[in-house]
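Undergrad: Here's a sequence, model it:
(one chain, ligands or ions: 1)
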Amino acid sequence: MPDAPDVVVRCVDLSISHGGRTPRVVDGVTFTLYRGGALALMGPTGAGKSSLIALLAGADQDVRVAGGTAEVAGIPVQGRGRVGRARRYVTGYLAQRAGADLPARMTVSDVIGDPISSRDRRVNQRALAVRVAGLLDELQLPLGAAHKYPYELSAGMRQRVALARALVLQPRLLVADDVYANLDPEVRTTVHDAIQRRRRDQGLALLMATNDEDAVGGFDADVLVMRDGHTVAYGHGMNDLLWTPDGREKTAP
Ligand SMILES: Nc1ncnc2c1ncn2[C@@H]1O[C@H](COP(=O)(O)OP(=O)(O)OP(=O)(O)O)[C@@H](O)[C@H]1O
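TA: Prediction:
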């Protein structure tokens, strides 16, 4: 039976390997993320959070489904070509180190507009500039930053540029690896508000890898705790987690 339209991500007994060469770095994970919802993947380093995020974002061809299923907006993540493009169109991706890894030779406005201009060469440049300016303003980046290059910006500004790029296509899903990386408290609020506005107004769903309990609370997120590729706890927020029998015995995130 097809998923209800408000299901944005569905993973069922999902296992992941890198290039099919390595053992399963994610093993038997099941969850559903709904329109407007937020889910935090938590757990120690090496738990598999980034691999899961990269798979759902379609960001790394080397990260493969080794078992089970994963769908974004009803589109299987294994799909390549046109299917893969359709899935990436509805998914904004904020990678680990996204701010540090911005393309060095593009201006900020080209970086932010790239998800649109690389898909449609005949895009209305004026409309695109307006959309980019709106994102700069919303994320409290000076309008003058549009013509600068990433190396001319602070780490916190680069992180916001990366977020603007992830949001420019008005995605149904934002996949974020450490959403608050390099942000001071005041700018965190700006980023938080921009994401919450889209959850409320557009039904954006947020999937984030984080061990930041403030982020979990701030986004009122569900939590899936992973260890060694397995789910060891699941629930809402930090205080309402249902642990698997051996999950609590080791250190919580
Ligand atoms: N390119 C790769 N090739 C092979 N194995 C990899 C690759 N990238 C990660 N792994 C392995 O996959 C497992 C999960 O790593 P992953 O980065 O997904 O965990 P994580 O929970 O995101 O950790 P962190 O919080 O440090 O980012 C680890 O054992 C890691 O060594």
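
Undergrad: Low-confidence ranges, the protein, go.
TA: For the chain, the stretches flagged by pLDDT under 70 are 1-4, 248-253.

Undergrad: And the strands in the stretch 101-250 of the chain, which stretches?
TA: 173-177, 205-209, 222-227, 230-236, 240-243 (DSSP state E, counting those that start in this stretch).

Undergrad: With mean neighbour count as new columns, can these be given to me in JSON lines?
TA: (Each C-beta comes from the backbone N, C-alpha and C, glycine too.) Listed next are the strands of the stretch 101-250 of the chain as JSON lines, based on neighbours: other CB atoms under 10 Å:
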{"stretch": "strand 173-177", "mean neighbour count": "24"}
{"stretch": "strand 205-209", "mean neighbour count": "25"}
{"stretch": "strand 222-227", "mean neighbour count": "23"}
{"stretch": "strand 230-236", "mean neighbour count": "19"}
{"stretch": "strand 240-243", "mean neighbour count": "13"}
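
Undergrad: Spit out the contact partners of residue 196.
TA: Counting by CB atoms under 8 Å, 6 or more residues apart in numbering, residue 196 makes contact with residue 219.

Undergrad: That one and residue 136, how far apart?
TA: For residue 196, the distance to residue 136 equals 19 Å [CB to CB, to the nearest Å].

Undergrad: Pretty sure residue 54 sits against residue 60.
TA: Yes. Assessed by CB atoms under 8 Å, residue 54 is found in contact with residue 60 at 4.2 Å.

Undergrad: Grab the nearest non-local neighbour of the spatially most central residue of the chain.
TA: The centre of the chain sits closest to residue 175, judged by CA atoms, centre = their mean, with a distance of 1.1 Å. Spatial nearest neighbour of residue 175, excluding adjacent residues (CB to CB, 6 or more residues apart in numbering): residue 57 at 4.4 Å.

Undergrad: List the contacts of that neighbour.
TA: Residue 57 is in contact with 88, 91, 93, 95, 175, counting by CB under 8 Å, 6+ apart.

Undergrad: Contacts for the strand ranked longest in the chain, please.
TA: Identified as the longest strand of the chain according to DSSP state E is strand 7-18. The set of residues external to strand 7-18 that reach it, using CB under 8 Å, 6+ apart, is 3, 23-35, 37, 39, 48, 51-52, 55-56, 62-74, 172-173, 205, 207, 229.
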